[in-house]
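[1] here's my sequence, what's the structure:
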Amino acid sequence: MSLGPQQSACSLSGPDVAALNQTIADQSPQTVLSWLHENGDKTGGPVPLVSSFGADSVVLIHMVSQISRDYPILFIDTRKHFDETLSYRDQLINQFGLTNLTSISAAPDHLKEQDPFGALWMSDPDACCDLRKTVPLDLAMQDFPGWITGRKRFQTSERSQMDIFELDKGKLKVNPLANWGPENVADYVKSHSLPGHPLIPKGFLSIGCAPCTSPVADGEDARAGRWKGQMKTECGLHVAKG
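    I've put the predicted structure just below:
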């Protein structure tokens with residue numbers, strides 16, 4: 001499947017992005033997504049949703065499916081996902097009739113060279129995330145002017161001040177659910193009778209790769225189960241690099 005027309009950078013300038021935050025930031029996530037879908041001529045091309053098919057992913061996936069079943073979605077296949085996540089991905093593809101989902105992953109020769117035994121996550125989790133997530137997405141982004149994330153301000157202190165629209169490495173990064181809290185997510189899932197990730201009832205409230213994700217205890221932050229016991233809080237996809 002072709003990822004789309006070649007795009008080197010977002011067509012929007014810093015002032016353009018600031019203006020969007022002034023005019024659209026208080027609108028609904030659906031309004032933000034619809035604007036992106038209808039204004040590829042302004043952004044420099046289609047802006048895909050990048051989804052992990054994790055705990056809260058169903059919300060944005062459902063929203064874009066209501067706009068168009070052909071809405072572009074990218075799934076970063078790290079080869080380290082829970083089997084439950086892969087099954088959940090397939091379930092949502094079928095249930096929502098998604099027709100434009102592309103899986104991206106690290107090149108086999110890169111995996112062989114940098115992680116021949118599949119255990120890099122144990123010795124250097126940052127390098128593992130870079131190899132299996134950041135580099136594949138950076139390569140995919142050569143075809144797009146930006147991407148949509150599921151980040152929310154309440155999740156971590158690093159995310160508490162983020163805008164709906166951002167420029168990152170010359171790309172547009174859009175966070176339609178930035179203003180949402182857990183109750184908004186729960187209400188949307190309930191009101192649309194959406195299927196939850198099968199690991200949520202087992203205490204997994206933020207779901208990434210299997211080796212680096214654990215259940216969350218009562219009262220802990222939703223992301224406390226990611227890289228538990230380490231200082232690491234982000235995989236690298238959302239660390240600004242200029």
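[2] every contact and neighbour count from this point should use C-alpha atoms.
    Will do.
[3] where does the prediction get shaky in the chain?
    1-8, 155-157, 160, 222-223, 225, 228-242 (pLDDT under 70).
[4] which residues of it fall in strands?
    According to DSSP state E, the chain carries its strands in the segments 49-51, 73-76, 101-104, 146-148, 165-168, 171-174.
[5] for residue 32, find the nearest of those.
    strand 171-174 (8.6 Å; CA to CA).
[6] now do the closest one: distance to the chain's middle.
    Mean-position distance between strand 171-174 and its chain equals 12 Å (CA atoms, centre = their mean, to the nearest Å).
[7] who's in contact with residue 68?
    Residue 68 makes contact with no residue, according to CA atoms under 8 Å, 6 or more residues apart in numbering.
[8] state the distance from it to residue 61.
    From residue 68 across to residue 61, the span is 11 Å (CA to CA, to the nearest Å).
[9] tell me the buried residues in stretch 95-102?
    98, 100-102 (16 or more other CA atoms under 10 Å).
[10] looking at the residues you listed, which one is closest to residue 192?
    Each of the buried residues of stretch 95-102 was checked against residue 192 using CA to CA; the closest is residue 98, at 17.0 Å.
[11] re earlier: present the buried residues of stretch 95-102 as JSON lines; the columns should include distance to residue 130.
    As requested, the buried residues of stretch 95-102 are arranged in JSON lines below (distance: CA to CA, whole Å):
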{"residue": "98", "distance to residue 130": "28"}
{"residue": "100", "distance to residue 130": "25"}
{"residue": "101", "distance to residue 130": "22"}
{"residue": "102", "distance to residue 130": "19"}
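[12] nearest to residue 195 among those?
    Closest to residue 195, out of all of the buried residues of stretch 95-102 and judged by CA to CA, is residue 98, at 15.4 Å.
[13] related to what we said a few turns ago, now the strands of the chain in CSV, with distance to residue 13?
    Shown next, in CSV, are these (distance: least, CA to CA, whole Å):
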stretch, distance to residue 13
strand 49-51, 21
strand 73-76, 24
strand 101-104, 28
strand 146-148, 13
strand 165-168, 8
strand 171-174, 10
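[14] I'm done for today, thanks for sticking with me.
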